[in-house]
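In: what follows is a predicted structure for the sequence shown.
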Amino acid sequence: AMGSSLGQSPPVARVLEGRLGSLLVSKARKALDCEEGAAGPGASMAVLARCLTIYGRVHRFKRGSLRLVAEAVLAGLHVHVLEDKTRSEAAKELVVESVLDLAQEPGFFPEIYVNLDCNLESVNVFERLVNAMCKNTFPVTGVLCGLHVRCFDGLAALLRHMAA
């Protein structure tokens, strides 16, 4: 109730539609790039988790009306982290958990496909996200870990959404 009415405020809507996506991506990437810095990996994971949480909440309240924010965060953060071989397993697992959280919303995956991949002005976020999750589902070293299982869970959720 409060969140949905807050999103109707013109100044708040301008902030959400304007720079929110790029700010979240910038903060999270900067924290991840400084992972080895003085603050340590725990601090960077906390910043990444906070950025993913903020996006998740905004997505729930303004779903469907923030295509540019969705594109910025999903492509610039979720897909970027999953595709980057230098990112830690912990960072990738946080991102996959965020996708699974978003997938709790009915129609999340079809919405991403229709609003982003089918839009000629957008990048193929759905395709890249699915490809990245597929690549992270299978262990390279032969040792199965939490990331592999969570990526498989994400792909199973995707199939359930697309079949519905």
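Out: Great, that's in hand.

In: name the helices or strands packed onto the host helix or strand of L155?
Out: According to DSSP states H and E, L155 maps onto helix 146-163. Here helix 146-163 touches helix 89-102, helix 108-112, helix 125-135, going by 3 or more Cβ pairs under 8 Å, 6 or more residues apart in numbering; DSSP states H and E. Where C-beta positions appear, they are placed from N, C-alpha and C, glycine not excepted.

In: adding mean pLDDT, write these out as CSV.
Out: Output for the helices and strands packed on helix 146-163, formatted as CSV (pLDDT from 0 to 100):
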stretch, mean pLDDT
helix 89-102, 94
helix 108-112, 89
helix 125-135, 95
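
In: now the ones you listed in CSV, with mean neighbour count and distance to V81?
Out: Compiled in CSV, the helices and strands packed on helix 146-163 are given as follows (neighbours: other Cβ atoms under 10 Å; distance: least, Cβ to Cβ, whole Å):
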stretch, mean neighbour count, distance to V81
helix 89-102, 21, 5
helix 108-112, 20, 16
helix 125-135, 19, 9
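
In: reformat those as JSON lines; add distance to I54.
Out: Output for the helices and strands packed on helix 146-163, formatted as JSON lines (distance: least, Cβ to Cβ, whole Å):
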{"stretch": "helix 89-102", "distance to I54": "11"}
{"stretch": "helix 108-112", "distance to I54": "17"}
{"stretch": "helix 125-135", "distance to I54": "18"}
